[in-house]
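Colleague: give me a model of this one.
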Amino acid sequence: MTPTQFHTRRAFLQRNSTGLGALALASLLKPDAFAAIPGNGPAVPGLLKRLHHEPKAKRVIYLFMSGAPSHLDLYDPKPKLVEMTGKDLPDSIRQGQRITGMTSGQKNLFCVGSPFKFAKHGQAGTEFSEVIPNIAGLADEATVIRSMFTEAINHDPAVTFFGTGHQQPGRPTMGAWASYGLGSENSDLPGYICMQSGGGGQPLQSRYWGPGFLPAQHGAVTFRGAGDAVLYLSNPPGLSSAARRSTIDAMNELNRLQLGALGDPAIAAQIENYELAFRMQTSVPELMDLSKEPDSTFELYGAKKGAPSFAANCILARRLAERGARFIQLNHRDWDHHGGLPGALPNKAKEVDQGAAALVKDLKQRGLLKDTIVIWGGEFGRTAYSQGEIKPASFGRDHHPRCFTIWAAGGGFKAGAVHGATDDFGYNITRDPVSVHDFHATLLHLLGVDHLKLTFRHEGRDYRLTDIHGELVKGILA
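Modeller: Next up, the predicted model:
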């Protein structure tokens, strides 16, 4: 055998991986080129024609209230609980269920009813608290789910669980799965974008909007409220756009050589991230420039020009929806009211009430609500009993995973509906429970995806957002 006929295993892999690397790169830079490949699967970014069924929605705006807002003081009125204020929670209600260490040492678990009034709204007649008058105005637009439940009783695992379907860190979030399966409608913007507002409360970990084990480009890009919207978006002093383009071209040429040698999809993802970052230098400043928005927009949302806020982020979320972003996540902090709830909750609700309601109304009047899902909610609920002494302005509520309330509007959710119910104490679900996995399955369904079929092979196993669970909740579909 001549030397030219002899091939080492390393040489074989290197020469053949060149083709694999090129395919990986092409699938990222021009995913539509793979639409006709048989068996390529539903999870190729941007292959909208590969959806499992006709979608009701194209995009999601997730309004995450970090810290867990009290369902008992916002969405789930309990007159009986008000009557029982100051009396022990009946053992027949608690049923020996686990409670946190913050209240397990209390001599008594005294019931405490909401100090806020509830009233019926809209033709639907859904009851809302007086502290969210604008959200109450969505009574005929939203589905209020009063029977959500979760598995975790502490913040970090509960936030992780609601976002990923698993309490342990490391799995992809809802937005990452949406980006992975559906891609973005705008090649100049990330498919998954995250913004923050509010201060204090529980810390927000970047993995709450991360890609997990999915390719890195499916994690959220965080937009900031001040300075460059994205870190290092602007060129440093003395570096022109032409010079930046030349630098990226040089780096990507080296990356392509390495990709050809190794066929590592992570290198292809890095190339695409560099290209997207360059395109964002043009698209993001235009997106974030609210100077051309009319005064009426700021009045509708309750935002102030030039001032970062949850309301301003809601305006940006609408602009992102218009531009084809797939999943937009707005995190608002400090809903963890273990004490001082009567004074703190109305102030926190006021920060988000007008902006959240305006977002839904604005999307509707622009014709976008029909294919945009807006979700509002936290990671779990709050207890029917008080944490600490009950005083007019100082009682608190502990964590409660057994039941809580979220709402969703648009994109195929039933308008003007209430789903599920809890007992007289807002402690246990009495009708139509909805697990986090069920909600994830339903969300993907509305995006045209069968949750059983959107998978990613990792460490020898096919993973999905719903893990090994999840049932479609037909009662909340339009």
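Colleague: would you map the helices across the stretch 51-200 of the chain?
Modeller: Using DSSP state H, counting those that start in this stretch, the helices of the stretch 51-200 of the chain run over 71-74, 79-83, 91-94, 133-136, 155-164, 174-182.
Colleague: so what does residue 475 look like in phi/psi?
Modeller: phi -70, psi -10 (degrees, to the nearest 10).
Colleague: go on, residue 463?
Modeller: Main-chain dihedrals, residue 463, degrees, to the nearest 10: phi -100, psi 160.
Colleague: and it, how many neighbours?
Modeller: Residue 463 has 21 neighbours, counted by other Cβ atoms under 10 Å. All C-beta atoms are positioned from the backbone trio N, CA, C, and that covers glycine.
Colleague: list the residues that contact it.
Modeller: Listed by Cβ atoms under 8 Å, 6 or more residues apart in numbering, the contact set of residue 463 reads 171, 172, 213, 455, 456, 457.
Colleague: just the buried ones from those residues, in ChimeraX syntax?
Modeller: The buried residues among the contacts of residue 463 can be selected in ChimeraX (16 or more other Cβ atoms under 10 Å) with this line:
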select :171,172,455,456
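Colleague: now, which of the contacts of residue 463 sits nearest residue 475?
Modeller: Of all the contacts of residue 463, residue 455 has the smallest distance to residue 475: 26.5 Å, by Cβ to Cβ.
Colleague: and the gap between that closest one and residue 180?
Modeller: The spacing between residue 455 and residue 180, counted by Cβ to Cβ, to the nearest Å, is 10 Å.
Colleague: ok, now residue 467?
Modeller: Look at residue 467 and residue 180: by Cβ to Cβ, they are 16 Å apart.
Colleague: between the two, tell me which one has more neighbours.
Modeller: Applying other Cβ under 10 Å to residue 467 and residue 180 shows that residue 180 carries more neighbours, namely 24 against 15.
Colleague: pLDDT at that one, what is it?
Modeller: pLDDT, residue 180: 91.
Colleague: now it: closest residue in space, sequence neighbours ignored.
Modeller: Closest residue to residue 180 apart from its sequence neighbours, by Cβ to Cβ, 6 or more residues apart in numbering: residue 218 at 4.6 Å.
Colleague: surely that neighbour is in contact with residue 181?
Modeller: No. Using Cβ atoms under 8 Å, residue 218 is not in contact with residue 181; the gap is 9.2 Å.
Colleague: neighbour count winner among these two?
Modeller: A count of neighbours by other Cβ under 10 Å puts residue 181 above the other of residue 218 and residue 181, at 31 against 27.
Colleague: surely that one meets residue 449?
Modeller: Yes. Here residue 181 reaches residue 449: they are 5.7 Å apart, a contact under Cβ under 8 Å.
Colleague: for the closest residue to residue 172 other than its chain neighbours, phi and psi?
Modeller: Nearest non-adjacent residue to residue 172, counting by Cβ to Cβ, 6+ apart: residue 212, 3.6 Å away. Residue 212 has phi and psi values of phi 60, psi -130 when expressed as degrees, to the nearest 10.
Colleague: residue 431 now?
Modeller: According to degrees, to the nearest 10, residue 431 has phi -150, psi 140.
Colleague: how close does it get to residue 196?
Modeller: Using Cβ to Cβ, residue 431 is found at 36 Å from residue 196.
Colleague: neighbour-wise, which of those two wins?
Modeller: Counted by other Cβ under 10 Å, residue 431 and residue 196 do not tie: residue 196 has more neighbours, with 21 against 11.
Colleague: need the contact list for the nearest residue to the more buried one once chain neighbours are set aside.
Modeller: Nearest residue to residue 196 in three dimensions, chain neighbours excluded: residue 331, at 5.0 Å (Cβ to Cβ, 6+ apart). Counting by Cβ under 8 Å, 6+ apart, residue 331 touches 64, 66, 194, 195, 196, 197, 198, 204, 208, 209.
Colleague: identify the bridge partners of residue 331.
Modeller: Beta bridges link residue 331 to residue 64, residue 196, judged by DSSP bridges.
Colleague: repeat for residue 397
Modeller: Beta-bridge pairing for residue 397 (DSSP bridges): residue 386.
Colleague: list the contacts for it?
Modeller: 70, 72, 112, 337, 338, 341, 382, 383, 384, 385, 386, 387.
Colleague: is it fair to say the fifth one lies in a strand?
Modeller: No. The secondary structure assignment for residue 338 gives coil rather than a strand, going by DSSP: H, G, I helix; E, B strand; the rest coil.
Colleague: strands of the stretch 51-200 of the chain, start to end?
Modeller: Applying DSSP state E, counting those that start in this stretch to the stretch 51-200 of the chain gives strands spanning 59-65, 118-121, 126-129, 142-149, 192-197.
Colleague: could I get the ones you listed in CSV, plus columns for mean pLDDT and distance to residue 424?
Modeller: Formatted as CSV, those follow (pLDDT from 0 to 100; distance: least, Cβ to Cβ, whole Å):
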stretch, mean pLDDT, distance to residue 424
strand 59-65, 98, 25
strand 118-121, 98, 14
strand 126-129, 98, 14
strand 142-149, 98, 13
strand 192-197, 95, 35
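Colleague: among these, which is nearest residue 253?
Modeller: strand 192-197 (27.9 Å).
Colleague: now do the buried residues in the closest one.
Modeller: So strand 192-197, judged by 16+ other Cβ under 10 Å, has buried residues 192, 193, 194, 195, 196, 197.
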